[in-house]
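return atomic coordinates for the entry below.
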Amino acid sequence: MPGGRLSQHERRQIALGLADSLAYAEIARRLNRPTSTVTREVMRNGGPTAYRAEIAHRATAQRAHRRRNTPPPDPSTPPQPHGRNAAAVREYEETFTTVFMQSGLPKMTARVLACLYTTDAGSLTASELAGRLQISPASVSKAVAFLESQGLVRRERDERRRERYIVDDDVLYQSTMAGARATAHLGEVARQGIGVLGPDTPAAARLENIARFVDFVSESIARAADQARDILHTKPATPPDTAA
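Numbering: from 1, shown residues only. Next up, the predicted model:
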């Protein structure tokens, strides 16, 4: 399987595949590339509806140029905790951001969420987020407001009265349950249309089928989330005491 950067020809093939509504996996198969490569390329350059091969190629060249001209790290900068490779961490955060973007989050919001999830403490202040992501406090505030409205983060004051944004063990559960409730609401609205359109009409039958499907899906999601909730609170296994 080929490695290295995508060529301009490959980017044109990606653009053609998107125009034909092909899945990322199919485009990747035709290019003999990993699906993750195609996904990251598209989401990094405008998404499936705005992707343009020539623009993406120029943007990639500009990013590479900036990386080559980036000054070496300041020796006074503290090393990554737990001996982590800083470049590998940045690459992983970018991949995580792409996944969140695929789920529908705006890019800046996805970056903030990925940054919080990959922090050991699971919490950062606005200034810490701005510094880590090299973005303005206003961008942080806007992203956090959206994440909070979706139940993906919560905020609290620390001992220094600073506001901290947190992704704790239960945030994902609460977000999943909120999604299940939103799905269930779709079923309720679909059933309202049955009386309006007439119970014996094809349109009403379609809405009834939609409602039944949505009921099953939302109930299954909620039940599975309840059953799996304890997994989110699982602590790392403690190594055996070799001295004993």
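
assumed Leu124 was part of a strand.
Yes. Counting by DSSP: H, G, I helix; E, B strand; the rest coil, one finds Leu124 located in a strand.

how close does it sit to Phe96?
Distance of Leu124 to Phe96, given as C-beta to C-beta, to the nearest Å: 15 Å. No exception for glycine: its C-beta is placed from N, CA and C like everyone else's.

neighbour count: those two, which is higher?
Leu124 (22 against 17; other C-beta atoms under 10 Å).

OK, contacts around that one?
Taking C-beta atoms under 8 Å, 6 or more residues apart in numbering, we find Leu124 in contact with Cys115, Leu116, Arg132, Arg164, Tyr165.

Arg164 versus that one, what's the distance?
Leu124 sits 7 Å away from Arg164, going by C-beta to C-beta.

what's the spacing between Leu129 and Asp200?
From Leu129 to Asp200 the distance is 56 Å (C-beta to C-beta).

likewise Asp170?
From Asp170 over to Asp200 (counting by C-beta to C-beta), the distance is 46 Å.

so which of the contacts of Leu124 belong to strands?
Arg164, Tyr165 (DSSP state E).

which among the contacts of Leu124 gets closest to Phe213?
Among the contacts of Leu124, Leu116 lies closest to Phe213 (C-beta to C-beta), at 34.0 Å.

any idea how far Arg223 is from the nearest residue to that closest one once chain neighbours are set aside?
Nearest non-adjacent residue to Leu116, counting by C-beta to C-beta, 6 or more residues apart in numbering: Val167, 4.7 Å away. The gap separating Val167 from Arg223 is 24 Å, by C-beta to C-beta.
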